[in-house]
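**Q** Attaching a predicted model along with its sequence, questions to come.
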Amino acid sequence: MSKSLPYSMKDVHYDNAKFRQRSFSKVLNHTILTNNVKRECLRCSTGKFLAVIMLCGLAYLILTPSGHVVSSHGVDHARLKDNVTLNTNTRFRSFFRKPPRLPPRLTPDEMRASNESTHQLDIDASKWMGRQQQVREAFIHAWSGYKSYAMGFDELMPLSKRGIDGLGGLGATVVDALDTAMIMGIEDIVKEAGSWVETHLAERISQKGQVNLFETTIRLLGGLLSAYHLSGGASVAPTSVGPKPSVYLNTATMLADRLLSAFTSSPTAIPYSDVVLRDNSAHPAPDGLSSTAEVSTLQLEFNYLSDVSGDQKYSLEAMKVLEHMKTLPKVEGLVPIYISPQTGEFSGENIRLGSRGDSYYEYLVKVWLQQGANRNSNLTYLYNMYEEAMKGVRHLLVRKSVPNGLLFVGELPYGASGSFSPKMDHLVCFLPGTLALGATKGMTKSKAMKENFLSFEDLENLRLAEDLAKTCVETYFVTKTGLAPEISYFHVEDYFEEGYDGGNKSSKYLNDIVIKPADRHNLLRPETVESLFVLYRITEDPKYREWGWQIFEAFEKYTKVDAGGYTSLDDVTSLPPQRRDKMETFFLGETLKYLYLLFGESNLVPLDKFVFNTEAHPIPISTVKRH
């Protein structure tokens, strides 16, 4: 038999006056029947007699009208009777009427604290609005330099004030920056960039030579498709700024048709790495291999193009890659960084989440999310691959530094059976954001916890995300400039090199992080601020905003070029830092966009409505069901 409840059922009907009003009869009965003195009085006849008199007098007071003088001269007796009856009823009702329920009153201290809290919220909102505006002004400054000295070139060299084509000559900065300007609401730049796309890009696509499949897809194709959606897409009332949305879609389709040759020319499901645009041909890289990350970081863009164009050929070719990679052997879900288009097999044993490996893991979860997550059971293999890989990361690649225990992700240059390298590219700092996104699927942590949405694995990944984000930020704060190097090593029990610290002697982690001379450059990369943006949206912890602001201030202080634009640095550990004379397209397309979103409202490009491609171009979550 089950144990009885730890309370009596009579408690259910208990009249607690603090929470519920009691009727007059209950008050009277309770008073008469529970008072010991009155109970003793009621035992004698005198007491009973006095009680009856008291009740009669009380009834008389209630029922007898007062305040009326009745005259026998000129009196309307019917009206008088009505008035007396009304007055009596009113008094009767007023006696039994329950007093109004007043709201709880705050003490003076509580009122003051409440007012101060509201005032502080207003101050915080104003502060972050101002900081977001400063990021917007930084974007305008970056664009002004590009427009003045490099319009139509792929990238700006801000110190020498000229342009350079390093990405095939398709005006990559224009397309990369376009949707950032749309999100920021900078209409002049949207018009300038949109007009250039409408006037020049189609011609360039038809005439240019060799481009890299991966770089062209994530920057150009992704940028055009995002601009198509943000400018109104297929809606009845597209925005009036810049070209019609169809311009972006038609140009994207033209570009994708040529990029498809990388897939159709290959003897396997793995595409070639390079495409010659003008003759619509493709070929492998000189060593015959493709990067694992490059071939598996095309699917968001090609899937969305199929959704909006209605032509499934783009999605079918791109998804063949992931379907094939599902069948290949892995090391606890982890994969080598090279793969052969000729054989369809992985090449070598080098496993890392830095260059050539990073976005393979990112797109496993993002493609699953973009295609509707649980609504598409045929794509659950992607999330399963992601979960297995993250378990492998935690088991094989995550270590703690000495002496202060920073969590970092290292490498296995010779596979799982080889030695561990405590090396971590800045590129790995995409991982905290991806882990957080994979854990909550874009909703806030508080909502996911309330709805019991998070599994043990999700909580483990979210905890790892927060620890790794701190490590990524400390690679900034450990240097003299406050900007991160391209590559960091971490002091562990069997590895340490003297004399290669970041230069900031006040940093707690000065001896945890090793920065070798060849790795000290900074390319204005976005990965850390990307993760700060995602983690702030998901955890709502203001520290991620504060960290992002410190990073932005360092960019402003050391990389801003007065004549226009921002520049990469050669050495972040020395002051003044030597400048490199190049503004990467992703500074406008990713770094400043993520900072702007970090400081803005959460309903601006919400994570439950969009996924960002690896170049920070937002792609809407699909409503198209695939079979």
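**A** Right, received. Where do you want to start? Numbers count the residues shown, from 1 in each chain.
**Q** from memory residue 429 sits against residue 534, does it?
**A** No. Counting by Cβ atoms under 8 Å, residue 429 stays clear of residue 534, with 11.3 Å between them. The C-beta positions use only the backbone N, C-alpha and C, and glycine is treated the same way.
**Q** Which one's more surrounded, those two?
**A** Legend: neighbour count by other Cβ atoms under 10 Å for residue 429 and residue 534, higher for residue 429 (30 against 27).
**Q** if I look at the more buried one, how far off is residue 405?
**A** The gap separating residue 429 from residue 405 is 18 Å, by Cβ to Cβ, to the nearest Å.
**Q** before we move on, what about residue 484?
**A** For residue 484, the distance to residue 405 equals 19 Å [Cβ to Cβ].
**Q** Those two: who's more crowded?
**A** Set residue 484 next to residue 405 and count neighbours by other Cβ under 10 Å: residue 484 wins out with 29 against 11.
**Q** Just to be sure, the more buried one is in a strand?
**A** No. Residue 484 sits outside any strand when classified using DSSP: H, G, I helix; E, B strand; the rest coil, being coil.
**Q** which residues sit in contact with it?
**A** Each residue near residue 484 by Cβ atoms under 8 Å, 6 or more residues apart in numbering is listed here: 426, 472, 475, 476, 522, 525, 528, 572.
**Q** For the last one, give its distance to residue 246.
**A** As for residue 572, its distance to residue 246 is 44 Å (criterion: Cβ to Cβ).
**Q** Which one's more surrounded, those two?
**A** Of the pair residue 572 and residue 246, residue 572 is the one with more neighbours under other Cβ under 10 Å, namely 28 against 14.
**Q** which ones are touching that one?
**A** Residue 572 makes contact with 479, 480, 481, 483, 484, 485, 502, 515, 520, 521, 522, according to Cβ under 8 Å, 6+ apart.
**Q** how about the helices in the stretch 151-300 of the chain?
**A** 172-184, 187-196, 202-207, 213-215, 222-230, 245-259, 261-264, 292-295, 299-309 (DSSP state H, counting those that start in this stretch).
**Q** got those helices as TSV, with distance to residue 465 and mean pLDDT columns?
**A** Listed next are these as TSV, based on distance: least, Cβ to Cβ, whole Å; pLDDT from 0 to 100:
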stretch	distance to residue 465	mean pLDDT
helix 172-184	24	98
helix 187-196	33	98
helix 202-207	39	97
helix 213-215	25	98
helix 222-230	24	97
helix 245-259	32	98
helix 261-264	33	98
helix 292-295	20	98
helix 299-309	21	97
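**Q** nearest to residue 346, of the ones you listed?
**A** Between residue 346 and the helices of the stretch 151-300 of the chain, the tightest spacing by Cβ to Cβ is seen for helix 292-295, at 7.2 Å.
**Q** follow-up on the earlier one: need the helices of the stretch 151-300 of the chain in TSV with distance to residue 134, can you?
**A** Formatted as TSV, the helices of the stretch 151-300 of the chain follow (distance: least, Cβ to Cβ, whole Å):
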stretch	distance to residue 134
helix 172-184	12
helix 187-196	17
helix 202-207	34
helix 213-215	30
helix 222-230	23
helix 245-259	29
helix 261-264	41
helix 292-295	33
helix 299-309	30
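**Q** distance of residue 561 from residue 158?
**A** 4 Å.
**Q** Which one's more surrounded, these two?
**A** Set residue 561 next to residue 158 and count neighbours by other Cβ under 10 Å: residue 158 wins out with 28 against 18.
**Q** how about the closest residue to that one other than its chain neighbours, what does it touch?
**A** Distances taken as Cβ to Cβ, 6 or more residues apart in numbering put residue 565 closest to residue 158, at 3.4 Å, once the chain neighbours are dropped. Contacts for residue 565 (Cβ under 8 Å, 6+ apart) come out as 141, 142, 144, 145, 146, 149, 156, 158, 583.
**Q** buried stuff in stretch 388-397?
**A** 389, 390, 391, 392, 393, 394, 396, 397 (16 or more other Cβ atoms under 10 Å).
**Q** which of these lies closest to residue 435?
**A** The closest of the buried residues of stretch 388-397 to residue 435 turns out to be residue 390 (Cβ to Cβ; 6.8 Å).
**Q** any idea which helix or strand carries the closest one?
**A** Element membership for residue 390, per DSSP states H and E: helix 380-392.
**Q** Residues contacting that helix, please?
**A** Contacting residues not belonging to helix 380-392 are listed as 322, 326, 330-334, 361, 364-365, 367-368, 373-374, 435, 438, 457, 461 [Cβ under 8 Å, 6+ apart].
**Q** Would you mind identifying the next helix or strand past that helix?
**A** Along the chain past helix 380-392, the next helix or strand (assigned with DSSP H and E) turns out to be strand 398-400.
**Q** can you tell me which residues contact residue 139?
**A** 177, 180, 181, 184, 186, 588, 592, 596.
**Q** Next one: the residue lying closest to residue 326 once chain neighbours are set aside from residue 328, what distance?
**A** Distances taken as Cβ to Cβ, 6+ apart place residue 381 nearest to residue 326, at 5.5 Å, with adjacent residues excluded. Using Cβ to Cβ, residue 381 is found at 13 Å from residue 328.
**Q** Residue 137 too?
**A** Residue 137 sits 48 Å away from residue 328, going by Cβ to Cβ.
**Q** what's the closest residue in space to residue 242 that isn't next to it in sequence in contact with, if anything?
**A** Distances taken as Cβ to Cβ, 6+ apart put residue 194 closest to residue 242, at 3.0 Å, once the chain neighbours are dropped. Applying Cβ under 8 Å, 6+ apart, we find residue 194 in contact with 178, 227, 231, 241, 242, 243, 247.
**Q** Now neighbour count too, for these, in JSON lines please.
**A** Listed next are those as JSON lines, based on neighbours: other Cβ atoms under 10 Å:
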{"residue": "178", "neighbour count": "28"}
{"residue": "227", "neighbour count": "28"}
{"residue": "231", "neighbour count": "25"}
{"residue": "241", "neighbour count": "17"}
{"residue": "242", "neighbour count": "24"}
{"residue": "243", "neighbour count": "21"}
{"residue": "247", "neighbour count": "21"}
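**Q** Please identify which two of these are farthest apart in space.
**A** Based on Cβ to Cβ, the longest span within these runs between 241 and 247 and measures 12.5 Å.
**Q** Residue 145 versus the residue nearest to residue 158, what's the distance?
**A** Distance of residue 565 to residue 145, given as Cβ to Cβ: 3 Å.
**Q** Which neighbours do those two have in common?
**A** 156, 158, 583.
**Q** Helix, strand, or coil at the nearest residue to residue 349 once chain neighbours are set aside?
**A** What sits nearest to residue 349 in space, not counting adjacent residues and going by Cβ to Cβ, 6+ apart, is residue 415, at 3.3 Å. What three-state DSSP gives for residue 415 is coil.
**Q** Out of the contacts of residue 565, list just those in helices.
**A** Those of these mapping onto helices are 141, 142, 144, 145, 146, 149, per DSSP state H.
**Q** Could you find the closest non-adjacent residue to the last one?
**A** In this structure, residue 149 finds its nearest non-sequential neighbour in residue 161, 4.4 Å apart by Cβ to Cβ, 6+ apart.
**Q** Where do the domain boundaries of the protein fall?
**A** The chain is divided into the following domains under the TED database: 164-348, 350-626.
**Q** related to what we said a few turns ago, what residues does the residue nearest to residue 149 make contact with?
**A** 148, 149, 563.
**Q** Tell me the most packed of the residues you listed, by neighbour count.
**A** Neighbour counts for the contacts of residue 161 (other Cβ under 10 Å) peak at residue 149, which has 18 neighbours.
**Q** quick one: the spatially most central residue of the chain from residue 472, how far?
**A** Nearest residue to the geometric centre of the chain (Cα atoms, centre = their mean): residue 534, 3.0 Å. Residue 534 is 12 Å from residue 472, where distance means Cβ to Cβ.
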